[in-house]
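>>> this is a predicted model, with the sequence first.
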Amino acid sequence: PLEEADENKRISILFEGVAIHATVYVNGCLMKHNFCGYTSFEVDITDVARFGEENVVSVYINNKQHEGWWYEGAGIYRHVHLIKSELISVDLWGVFACPEHIEDKAWRVATETTVRNDDFSRRRVRIKGEILTETRELAAISEASGIIDCKQKRMFRYSFDVTDPKLWSPDTPVRYTMRTTVYSGEKVVDVNEVKFGFRTFYMDPDKGLFINGKHYKIKGMCGHENNGLTGKAVPDNIQRYRVQKMKEMGANGYRCSHYPQSEALMEALDEA
């Protein structure tokens, strides 16, 4: 539901996956075509949304076309999210953190944050980035600031210095959190969190894969997103169960066959 208090916000709908060819209407207005059943897409409905009354979202799906030779299902088979944000906000998937080992115990995390301005005037913003440990303790902090033109996006680049972080590996999948807070003036307008890990890796043509200096033989599984009797729309708990079973079997790698798979499955793999 959209309340009257939402009227000055940006409103969008995120479809994680619709098979196969999808056309989205909102309140009778054509809003979006998406012709891939495996890629997520966002529909900005701000201009046609009705506040304090009913909104009608219609998704027309044509499954006569095929993208592969495997079972692809039909319809909305992944999560759908209603997103309400301020006019100044972190863009969808707008935070990228890249840890780099400098020397000994010293690491640097180069970060890119894309912020969007959906207002009709230029706005000055301040970005505060914080790296948090698994126990939510502050490991590093950094900031950036600048002006974003109206109806535009801007990427801010900044970096963090971190000493002796716990390393991610297939045996110990330790992940840190990058928390990004966006300020317009003194007001907090958005907070975004993404997870990432510290690790080094390289491939030797004779010896194979090394993670954090340790040799790993890839024992991989190859899987489609569908799962037996549940069909194409797989519940999140089933995704976690599948990954658990794969790990119990001794697998340490997973190949997505042959397309981007759901965020729920990627999250389950990260947690494992």
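Thanks, I have the structure now. The structure displayed is predicted, hence computed values, not measured ones.

>>> the closest residue to residue 200 other than its chain neighbours: neighbouring residues, count only.
Nearest residue to residue 200 in three dimensions, chain neighbours excluded: residue 101, at 5.2 Å (Cβ to Cβ, 6 or more residues apart in numbering). Bear in mind the C-beta positions are built from the backbone N, C-alpha and C, glycine included. As a burial measure, residue 101 scores 15 neighbours (other Cβ atoms under 10 Å).

>>> next: residue 106.
Residue 106 sits with 12 neighbouring residues when counted by other Cβ under 10 Å.

>>> on that earlier part again, list the helices and strands the helix or strand encompassing the residue nearest to residue 200 packs on?
Counting by DSSP states H and E, the element that carries residue 101 is strand 88-103. On a contact count with 3 or more Cβ pairs under 8 Å, 6 or more residues apart in numbering; DSSP states H and E, strand 88-103 meets strand 106-117, strand 176-184, strand 187-196.

>>> now the first one against strand 88-103, angle please.
Right, the one you point to is strand 106-117. With axes from the mean of the first three to the mean of the last three Cα atoms, to 10 degrees as the basis, strand 106-117 and strand 88-103 are set at 170 degrees to each other.

>>> what do you get for the shortest one?
What separates the directions of strand 176-184 and strand 88-103 is an angle of 140 degrees, with the same axes, to 10 degrees.

>>> who does strand 176-184 touch, helix- and strand-wise?
The contact analysis (3+ Cβ pairs under 8 Å, 6+ apart) places strand 176-184 against strand 88-103, strand 106-117, strand 123-132, strand 187-196.

>>> pLDDT averaged over that strand - what is it?
Confidence for strand 176-184, expressed as mean pLDDT, is 98.
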